[in-house]
Structure formats: structure tokens, C-alpha cells
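>>> Got a sequence here, can you build the structure:
(one chain, ligands or ions: 2)
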Amino acid sequence: MEARPLIIDCDPGQDDAVALLLAFASPELEVLGVTAVAGNVPLELTAANARRVCELAGRGDMAVYAGCPRPILRPLETAAHVHGEDGLEGANLPAPAMALQSRHAVDYLVARLMASDGDVTLAALGPLTNVALAIVAAPAIVPRIREIVIMGGAIEGGNVTAHAEFNIHTDPHAAAVVFSAGARLTMIGLDVTHRAIATRERVAAIRAIGRAPAQTVAGMLEQHLDDPAGRHGGGGAALHDPCVIAYLLQPALFETQSMRVEIETEDPASLGRTIADRPGAANANVAIGIDAEGYFALLTERFARL
Ligand code: BDR
Ligand code: CA
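Ligands and ions are numbered 1, 2, ... in the order given. Take a look at the predicted model:
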């Protein structure tokens, strides 16, 4: 089977780092490039963290591009209180030796997608600023994207406010561009990721692998074992972003439903909400169920390969 070409847009971020490692461990995927966006921490750190993780996976050859340093209209509000000041608390990784590409991530996305024949998938693991700006700059990329699989949103609830999830809330205007672009979209939101909890037992299984990448993953996830229950999961980290990669590898781990999803960009009280109860044609395939045991079994099996 030919590997599926993939570009990963991310804001590492602990769970982004785990998602990158899962992709690198999986021969079914060919990671073409990694684009960084401001989100969990400022761009300078996400771009450095993406490279730290590539090197950990033995992929110092990977092309990493820095994109947008801030959301389109809103000021950047990071999540350093979750991921640590450097974005990868508990990872204990050295500064990267590999260079950042000189090209802007948005230019790279446009050029790579225009050069493709419709086979490239985008994994969007952070605020959608880079992806939205690529669509605005070159709408002709839309029909060339095989699928955009997004970690973001929630049909019910939120994790930064009662109604909004971090990635969509950080740049709701970018999300509005992406969700209305007409691309084939899959949304994996808190409805399933809050059921994908890295419990003590699951983290211990990853720690027991003993190899450096697995130790790094365990080190980051152990930071959250005693988190109080609530917005960020509780009793362990909600392992959001690797769900996107797991969906590409084993879609049967997820139950999905076709829905119309709109983004709230006006009302301050529900800014960034992914609204799924309005009439209109479906524009997204939304994850509504997850086999969490199967998900962690996949992660553990793959990290033993790195
Ligand atoms: C999302 O927000 C970030 O903090 C995580 O990396 C994930 O992409 C979860 O709401
Ligand atoms: Ca992320």
C-alpha cells in the first residue's frame, strides 16, 4: 500500500508532539512537511518544538516551516499553563540543531498543494490561521486537498470557555474561513478527545517501552496525572491531537456523523463555538465516538517502533 502524503500544521504543545511522533512511527503516512503556527505557545517556540520532536524521532531531515505568529483578528492567548512555559513541559528535549526552512508556512502550503494532484491530506492540530490564510491566498488549493482533519471544536461544551475549544477559540475567524471553504473536512473535537484520557495505567504502558521517544511521551503525560477533573480532562491528559493521526491510520476507531458546523465569530460569550444545530447542507464529518482502548493500544504499539 502506498503511504498517504500528509502535511501536519501544529502548535507543539505536548499533545501535538505526541501526534508528530505517532505520524513518524507510522509507515502508512508520508509526512511531507510540518508547518508551525502560534497557539499553545508563541510561534518561535512552536517552530522550535516541532524541530525538537523531529530530531527525537530521528527525522532531522524533515522540512519545518514557521507560519503565522498571531491569529487573524484576535490577540494570541497561549495555553502555557497547560503545556508549560516552553510548550513541552516534561519532555526534556535539547534545543534543535536542524534549521527552520526560510519559506513561510503559508507559501509552502499553497505551493505544495498546487503542485499536488489532490492526494495530500492536511492534519490541523492548532489554531487554523495558517490553513485559512493559505485558502484565502489561493482558493484553488481547496479542490486539491484530499481532506483536512482538524482537532478542534466540540458539539457540546468547551475547554477554554463553557462553549469553545482552544484551537477554534484562539482564531475563530480562521476557523470560519476553513469550515466554509468547501473542502472535505473531518472535525475531531472534545466530544471524543475528552474520552481519550492518558490515565496512569496507559502512561505506564508507554513508559515501559523504554525507548527515548516513549520516555519523552510518558514524561509529558505524567505532568497531568494529578490534574483536577474539569476542562482539561482530569485524571490524566485528554490526548487530543494524536486522535487526528489515529483517525488517518485506523478510522474504525472513531464513529463519525455528517453535520453542518458553523463558527461563532460575533457573540463574545460564545466566541469560537462550533455550532452544529443550524439548518443547511453538511460541511463536515464530525467524530462522535472513539474506541479509547484501541486508540491507546495503537499509540503504545507505534511508540515501540520509534
Ligand atoms: C487543543 O488545544 C491545544 O492546547 C492542544 O494542543 C489541542 O490541539 C485542545 O483543545
Ligand atoms: Ca495543538
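>>> Tell me which residue of this protein lies closest to ligand 1.
Residue nearest to ligand 1 within the chain: residue 166 (3.5 Å; CB to the nearest ligand atom). Where you see a C-beta, it was placed from the backbone N, CA and C, and this is true even at glycine.
>>> show me what contacts the nearest residue to that residue once chain neighbours are set aside?
Here the nearest residue to residue 166 in space, its sequence neighbours aside, is residue 160; by CB to CB, 6 or more residues apart in numbering that works out to 5.0 Å. With contacts defined as CB atoms under 8 Å, 6 or more residues apart in numbering, the neighbours of residue 160 are 77, 166, 169, 231, 272.
>>> Can you give the contact residues for the helix or strand of the chain with the lowest mean pLDDT?
Lowest by mean pLDDT, DSSP states H and E among the helices and strands of the chain is helix 80-83, with a mean of 90. Contact with helix 80-83 is made by 13-14, 40-41, 87, 89, 232, as judged by CB under 8 Å, 6+ apart.
>>> thinking again about what came up before, among the contacts of residue 160, which one lies nearest to residue 176?
Here the nearest of these to residue 176, counting by CB to CB, is residue 272; it sits at 9.8 Å.
>>> What residues sit buried inside the strand or helix carrying residue 7?
When elements are assigned from DSSP states H and E, residue 7 belongs to strand 4-10. Neighbour-count burial for strand 4-10 flags 4-10 (criterion: 16 or more other CB atoms under 10 Å).
>>> Adding pLDDT and distance to ligand 2, write those out as TSV.
TSV is the format used below for the buried residues of strand 4-10 (pLDDT from 0 to 100; distance: CB to the ion, whole Å):
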residue	pLDDT	distance to ligand 2
4	98	21
5	98	21
6	98	16
7	98	15
8	99	10
9	98	9
10	98	6
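>>> Using CSV, lay out these together with distance to ligand 1.
As requested, the buried residues of strand 4-10 are arranged in CSV below (distance: CB to the nearest ligand atom, whole Å):
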residue, distance to ligand 1
4, 21
5, 22
6, 17
7, 16
8, 12
9, 11
10, 8
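>>> Closest one of those residues to residue 45?
Proximity of the buried residues of strand 4-10 to residue 45, judged by CB to CB, is greatest for residue 10, which lies at 12.1 Å.
>>> so what's that closest one bridging to?
Here residue 10 sits in beta bridges with residue 36, going by DSSP bridges.
>>> Could you double-check that it sits in contact with residue 46?
Yes. Counting by CB atoms under 8 Å, residue 10 sits close enough to residue 46 to count as a contact (7.1 Å).
>>> what residues are shared contacts of the two?
Taking CB under 8 Å, 6+ apart as the contact definition, residue 10 and residue 46 share the neighbouring residues 16, 36-37, 126.
>>> which parts of this protein sit against ligand 2?
Along the chain, the residues adjacent to ligand 2 under the rule CB under 5 Å from the ion are 11, 13, 16, 125-126, 241.
>>> Which members of these occur in helices, if any?
Secondary structure of the residues of the chain next to ligand 2 is defined by DSSP state H; positions in helices are residue 16.
>>> which of the residues of the chain next to ligand 2 count as buried?
Among the residues of the chain next to ligand 2, the ones that count as buried by 16+ other CB under 10 Å are 11, 13, 16, 125-126, 241.
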